[in-house]
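Asks: Predicted model and sequence below, questions to follow.
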Amino acid sequence: MRIGLIAVDGHSGFPNLALMKLSAWHKAQGDMVEWWSGFTRYDRVYMSKVFTFTPDFDTVIDAAEIIRGGTGYRSYEDLPPEVEATFPDYSLYPRCDCAIGFLTRGCIRRCPWCVVPQKEGDIRPASTWREIRRPDSRKLVFLDNNVLACGHGLTQIEDMIGEPVWVDLNQGLDARLIDRQAAALLARLRWMRFIRMSCDTSAMLPVIRQAAEYLAEAGAAASRLWCYVLVRDVEDAHRRVTELTEMGVEAFAQPYRDLAGGEPTEEQNAFARWCNRKEVFHSCRWEEYRRGG
Ligand code: SF4
């Protein structure tokens, strides 16, 4: 079979794990796999869309079969188990120098703004870090949504301590689960750069302060901490960014999009631009930036 792949919103540059697994699985069956090219007829084309708010791919596709998947298409089905179990084909992304995967899937919480409960369901083990790691890289990027909520996730973190691997848990840790014991484990990992957490409401501020104290006691300085800040009410987000910055935690603003893919307001976008462009953030206050348009 001739297989074409389309990462519909792949412009972010972050590798598409589902397409890498599909590519590896088809190659193992002897199929020819490549990025879709408008000059070829395919037996099957896979289109993967991660985000609901990005435009769809509207070019005519010459293929006997087209399979669309991913959150962006509101398709929450898992890959077939045999594909899910396949080691990803990293040759699709020659510039990617890290392994990518999930130690766990799902979440214990049901935050109303989040698609994870609907998409992935309850927390459960997915893989071990040894299954995810690449033979040609020591970097591991985990996409887990709430790794600390799962005994398997904690065991995997413990098992990586002292190993020559550098880790990023790039979806943000649930600070409510960073007690002294979890902090001691996290502080002993080698981090690629930041220990990431999430601060979606002001109620999380004292929790993050406590987590930062536990992490500091365990040897992870506040300058290693980084935090997603969901931006719904801008004044509330501003308060969170201000307090996080006072704690020494780097804030990253994420404008809220409802589950239907509704666009953020111009003010939410402006706030994110102010917060995330650090040269701007450190040179003017939000009130000044907002006034300046
Ligand atoms: S804790 Fe995070 S992953 Fe879990 S439901 Fe809430 S926002 Fe989603």
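Replies: Received the coordinates, thanks. Residues are numbered from 1 along each chain as shown.
Asks: Quick check, the residue in the stretch 151-293 of the chain closest to the ligand?
Replies: D174 (5.3 Å; C-beta to the nearest ligand atom). To be clear about C-beta, it is placed using only N, CA and C from the backbone, and glycine gets the same treatment.
Asks: Please work out how many residues are found near that residue.
Replies: Neighbour count for D174, taken as other C-beta atoms under 10 Å: 21.
Asks: And for M197?
Replies: Residues lying near M197 (other C-beta under 10 Å) number 24.
Asks: can I assume it sits in a helix?
Replies: No. Going by DSSP: H, G, I helix; E, B strand; the rest coil, the assignment for M197 is strand, not a helix.
Asks: Checking my notes, D43 in a helix, right?
Replies: No. Applying three-state DSSP, one finds D43 to be strand, outside a helix.
Asks: Tell me the confidence at it?
Replies: D43 carries a pLDDT score of 98 in this model.
Asks: How much space separates it from M32?
Replies: D43 is 9 Å from M32, where distance means C-beta to C-beta, to the nearest Å.
Asks: was I right about K119 contacting Y76?
Replies: Yes. Contact criterion C-beta atoms under 8 Å: K119 and Y76 qualify, at 4.3 Å.
Asks: okay, how far is it across stretch 95-103, tip to tip?
Replies: 23 Å (C-alpha to C-alpha, to the nearest Å).
Asks: list the buried ones in that stretch?
Replies: 96, 98-103 (16 or more other C-beta atoms under 10 Å).
Asks: same check, this time on stretch 262-274
Replies: Buried residues in stretch 262-274, counted by 16+ other C-beta under 10 Å: 264, 268, 270-272, 274.
Asks: By pLDDT, give me the weakest of those residues.
Replies: Minimum pLDDT across the buried residues of stretch 262-274 falls on P264, with 93.
Asks: contacting residues around that one?
Replies: Listed by C-beta atoms under 8 Å, 6 or more residues apart in numbering, the contact set of P264 reads 231, 255-257, 272.
Asks: Common neighbours of D43 and M32, please.
Replies: In contact with both D43 and M32: 1-3, using C-beta under 8 Å, 6+ apart.
Asks: Out of these, list just those in strands.
Replies: 2-3 (DSSP state E).
Asks: okay if I get the shared contacts of D43 and M32 as TSV plus neighbour count, distance to the ligand and pLDDT?
Replies: Compiled in TSV, these are given as follows (neighbours: other C-beta atoms under 10 Å; distance: C-beta to the nearest ligand atom, whole Å; pLDDT from 0 to 100):
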residue	neighbour count	distance to the ligand	pLDDT
M1	13	36	97
R2	16	38	98
I3	22	32	98
